[in-house]
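Colleague: Provided below for reference: sequence and predicted model.
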Protein chains: 2
Amino acid sequence: MKLKLAILLALSAILKTASAQDSLFIRKIYDEALVNGQSYSNLNYLCKNIGQRLSGSANAQKAVDWSKKLMESYGFDKVFLQEVMVPHWVRGEKEVGEIVADGKRIPVPICALGMSVATPVNGLTADIIEVTSLKQLDTLGEARIKGKIVFFNRPFDPRFIGTMMAYGTAGDQRFMGPAAAAKYGAAGAIVRSLTELIDDYPHTGATDYDEKKIPAAAISTKGAEQLSALIKSGKGSVKFYFKQNCQLLPDAKSYNVVAELTGTESPNKFITVGGHLDSWDLAEGANDDGTGVMQSLEVLRILKVMNYRPKNSIRAVFFMNEENGDKGGEKYAELAKANKEEHIAAIESDAGGFTPLGFGFTGLPAGSLQKINQNWKHLLEPYQADHLLAGGGGSDIGPLTTASPNVVLIGYLPDSQRYFDLHHSAKDVFENVNKRELELGSAAMAAMVYLIDQHGF
Amino acid sequence: MKLKLAILLALSAILKTASAQDSLFIRKIYDEALVNGQSYSNLNYLCKNIGQRLSGSANAQKAVDWSKKLMESYGFDKVFLQEVMVPHWVRGEKEVGEIVADGKRIPVPICALGMSVATPVNGLTADIIEVTSLKQLDTLGEARIKGKIVFFNRPFDPRFIGTMMAYGTAGDQRFMGPAAAAKYGAAGAIVRSLTELIDDYPHTGATDYDEKKIPAAAISTKGAEQLSALIKSGKGSVKFYFKQNCQLLPDAKSYNVVAELTGTESPNKFITVGGHLDSWDLAEGANDDGTGVMQSLEVLRILKVMNYRPKNSIRAVFFMNEENGDKGGEKYAELAKANKEEHIAAIESDAGGFTPLGFGFTGLPAGSLQKINQNWKHLLEPYQADHLLAGGGGSDIGPLTTASPNVVLIGYLPDSQRYFDLHHSAKDVFENVNKRELELGSAAMAAMVYLIDQHGF
């Protein structure tokens, strides 16, 4: 036998052994998640005993305290808080929205967009003008817009397979629409809820102002359809009335909550897995993002209970303030930089607790995506979580590149079909999370953390 | 350039063109399903205006009539019925189940298993004996079993990734448990509902008797846990009482409902896509199997509306009587054989209307699974319906091998995590079907039919 061949065969035997070990270890991860999983009961507590936890709220503080205690109960190597100042926006009383047409007032479900200013105390009534893009505002100009309420009504494009893309491409209306309308002197903005479903639930979410701030609210998709039909019917003027008394209070003190299994070989190299602990205030933040934090914690619990001693330090991070400021993510990166922590990878779960399909990667070294598809895909295939794609990350982990330029940012990709049925609405409750789907996600994430810890990129 | 190389290059160019055309066509299929899809509104009608449609019932006949009309409204080349005699089992009054322990009677949710006989008119009370396997019956023997009610209580094994496997391995208790208990003289059988979820819903489903028939019912998983805990507490004897007056009436006349796009090249070669029109009687048969029939119809609608002229004949078949007899599937095969129809492939959708993950194949020619993974997988990858696996089929299409020995039987594989939360229980209603998930399934099936029609195996 020639030497080269012998080496090749030996190498292939080693690779196969490694792969078989990995395969066995991953099977055990899944067994632990599916048989003894605690993410579902933990999520139940977070949703039902704490509930909504908007940044700066008393509930957010309760969630921080409880999360820390919960992490401590598992006996990880470290559990600690990272103090961070966060915006403190409050919704105030339940909003009122009405279409005013033909002398009639038709109530429609609305809710203030996050970070919006209030209407005048007695509400705001104005002519309404419907647009389907921000560009259209430039065409209409101040002459047509000034003093009016701009109604952004471009629906989700159903043709996207993943609904995140539909959200991304319709989302400018909510993120930037009110600011753009304000530039042309609009009195207010009403934005079609960012969901494909036609129902009575308004979906909130942050809007970004420039200098000028006008009151902005989301309207349910059914309300939007009704409003649009009335405008288009041409039966006289259509006005809109809405009243909201939300406000932005001074920044509040809050915390990221962090648990760590310290690395045995490279304690100062980190693999972080996280979600965000804060939520919008209309429901329980079950899928956004109670599932993400509880899955992240479960990753650590699974690895610990399996007596896995990681090479690198592995952290579960409950980020604060993803929804309206990203201050927690920024703080985490700032401290990582200050403490000279090198992050190899960070995984974010912020797309709901649905059946895992795979992961999206940003910042991989050249050729590495091909390599991990060659070496890892088959390990995840039995679990149908084997879509390993280019592009991915998350709002909370994004800032880490400033601390570790080579960090690989990874977005956990669950099935996205139901996410925007619930997202930021009153429907984002525990009952809409499926136990097995959640647990399969924890297992997929634990498997990915394990593979990175063992093999790097 | 050498000839062989030239041929190879030319061939590769042709293949690439084919692939690009396929890719475009499949994208258009998805657009049609997602933008103009009718499966969801059709399913809504079937569930809400017709509802449960157990074989032999008046509702089953209503469903047949409506389905035929609906198919005719689309203008397919052929729409026809296939007459078939089916078992006609009726549940009768709502069942009563009680644990009798310590002088107390504790009501628990039960429902008769499909095809079960009734209890005596005033119900049946007997000592209860818990087992977790059919084998255990052999160990216990007549001495321990005779005159008792056997309580089959082996839960779903949560470690299976796909829940169909958990169903398959726990299912013997329902399919064969009562018959096995009857052999040893049991007076009745109570079977833990076939679901992983712990709740108050009993799940029905057919049981198969041998000669001796004893009354058999499903108990909710919560009831099963309660009953088991009481038995194990050792605080005196535990009896069980149940009352049901279900009965098997004479066979009834019913129908498969078939629509066809006739092939332009090989009209006598068929690709059949189907689900079953009958359902259990506790709910609306939404996911079992309203979704399957409506997706099958949608496959034909999509291809027709795209002006696709298939090479082979393509059929959507609404099979009758999958739940308690498989008579529709057998009849379809019998007629296929009599009419000398050659079936190339048959796809069955009977696993719920959830997000598609892929397809499972049985009866592929040697090497063909590898080939379709090479040639088709990448076409389905953008839609994440690209798991093309060995093994698959369905109860309705299974008999086709007697008519076409070379038929490839294909099981449509949606995400299975939520299926047994609902399956055969009062929860199998329209509200538990997600529009986009359903539509993506129709599109995946249409894409598969198209690929088979174009390329064969």
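Modeller: The structure has been received and is ready for your questions.
Colleague: and residue A:201, how far is that from chain B?
Modeller: According to Cβ to the nearest Cβ, to the nearest Å, residue A:201 stands 15 Å off from chain B. In this view, the C-beta of every residue, glycine as well, is placed from N, C-alpha and C.
Colleague: just residue A:250 next, same as before
Modeller: 42 Å.
Colleague: Grab the nearest non-local neighbour of that residue.
Modeller: residue A:88 (6.6 Å; Cβ to Cβ, 6 or more residues apart in numbering or on different chains).
Colleague: which neighbours does the helix or strand hosting the one you found have in its sheet, and in what orientation?
Modeller: Secondary structure from DSSP states H and E places residue A:88 in strand A:78-90. Strand A:78-90 sits in its sheet next to strand A:247-261 (antiparallel), going by DSSP bridges.
Colleague: how about the helix or strand following the strand it pairs with: buried residues?
Modeller: Remark: after strand A:247-261, the chain's next helix or strand is strand A:266-276, criterion DSSP H and E. Neighbour-count burial for strand A:266-276 flags A:269-276 (criterion: 16 or more other Cβ atoms under 10 Å in any protein chain shown).
Colleague: Kindly export stretch A:151-165 (C-alpha atoms) in PDB.
Modeller: Extracted C-alpha coordinates of stretch A:151-165, given in PDB (Å, rounded to 0.1, in the frame of the first residue of the first chain):
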ATOM      1  CA  PHE A 151     -52.500  55.600   5.200                       C
ATOM      2  CA  PHE A 152     -49.700  53.100   4.200                       C
ATOM      3  CA  ASN A 153     -51.500  50.100   2.700                       C
ATOM      4  CA  ARG A 154     -49.100  47.900   0.700                       C
ATOM      5  CA  PRO A 155     -49.900  44.300   1.700                       C
ATOM      6  CA  PHE A 156     -47.500  41.500   2.200                       C
ATOM      7  CA  ASP A 157     -46.300  40.000  -1.000                       C
ATOM      8  CA  PRO A 158     -47.600  36.400  -0.700                       C
ATOM      9  CA  ARG A 159     -45.100  35.100  -3.300                       C
ATOM     10  CA  PHE A 160     -42.100  35.000  -0.900                       C
ATOM     11  CA  ILE A 161     -41.600  31.500   0.400                       C
ATOM     12  CA  GLY A 162     -40.200  32.600   3.700                       C
ATOM     13  CA  THR A 163     -42.400  35.200   5.300                       C
ATOM     14  CA  MET A 164     -39.400  37.200   6.700                       C
ATOM     15  CA  MET A 165     -38.800  38.500   3.200                       C
END
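Colleague: do it and chain B meet at all?
Modeller: Yes. Among the residues of stretch A:151-165, A:158-159, A:161, A:163 lie within reach of chain B under Cβ under 8 Å from any Cβ of the partner chain.
Colleague: same check, this time on stretch A:352-363
Modeller: Yes. Contact between stretch A:352-363 and chain B is present through A:355, A:357 (criterion: Cβ under 8 Å from any Cβ).
Colleague: State the pLDDT value of residue A:13.
Modeller: Looking at residue A:13, its pLDDT reads 57.
Colleague: what number of residues lie near residue A:341?
Modeller: 20 (other Cβ atoms under 10 Å in any protein chain shown).
Colleague: tell me the contacts of it?
Modeller: A:268-270, A:335, A:403-404 (Cβ atoms under 8 Å, 6 or more residues apart in numbering or on different chains).
Colleague: let's go with 6 Å and repeat that
Modeller: residue A:270 (Cβ atoms under 6 Å, 6 or more residues apart in numbering or on different chains).
Colleague: measure it to chain B for me?
Modeller: 35 Å.
Colleague: Please apply the same query to residue A:435.
Modeller: For residue A:435, the distance to chain B - Cβ to the nearest Cβ - is 8 Å.
Colleague: Reduced to three states, what does the residue nearest in space to the middle of chain A come out as?
Modeller: Taking Cα atoms, centre = their mean, the centroid of chain A lies closest to residue A:350, which sits 3.4 Å from it. What DSSP: H, G, I helix; E, B strand; the rest coil gives for residue A:350 is coil.
Colleague: I'd assumed residue A:393 was in contact with it.
Modeller: No. Assessed by Cβ atoms under 6 Å, residue A:350 is found out of contact with residue A:393, at 9.9 Å.
Colleague: how about the residues of chain A near chain B?
Modeller: Chain A has residues A:31, A:34-35, A:158-159, A:161, A:355, A:357, A:383-384, A:415, A:417-418, A:434, A:436-437 near chain B, with proximity defined as Cβ under 6 Å from any Cβ of the partner chain.
Colleague: redo that, cut-off 8 Å
Modeller: A:30-31, A:34-35, A:158-159, A:161, A:163, A:196-197, A:355, A:357, A:381-384, A:387, A:415, A:417-418, A:421, A:434-437, A:440.
Colleague: before we move on, the earlier item: OK, contacts around the residue nearest to the centre of chain A?
Modeller: A:275-276, A:288-289, A:292, A:322, A:394-396, A:411-412.
Colleague: Make CSV from these and add pLDDT and distance to residue B:214 to it.
Modeller: Compiled in CSV, the contacts of residue A:350 are given as follows (pLDDT from 0 to 100; distance: Cβ to Cβ, whole Å):
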residue, pLDDT, distance to residue B:214
A:275, 98, 52
A:276, 98, 56
A:288, 98, 50
A:289, 98, 51
A:292, 98, 50
A:322, 98, 58
A:394, 96, 57
A:395, 96, 60
A:396, 98, 59
A:411, 98, 55
A:412, 98, 50
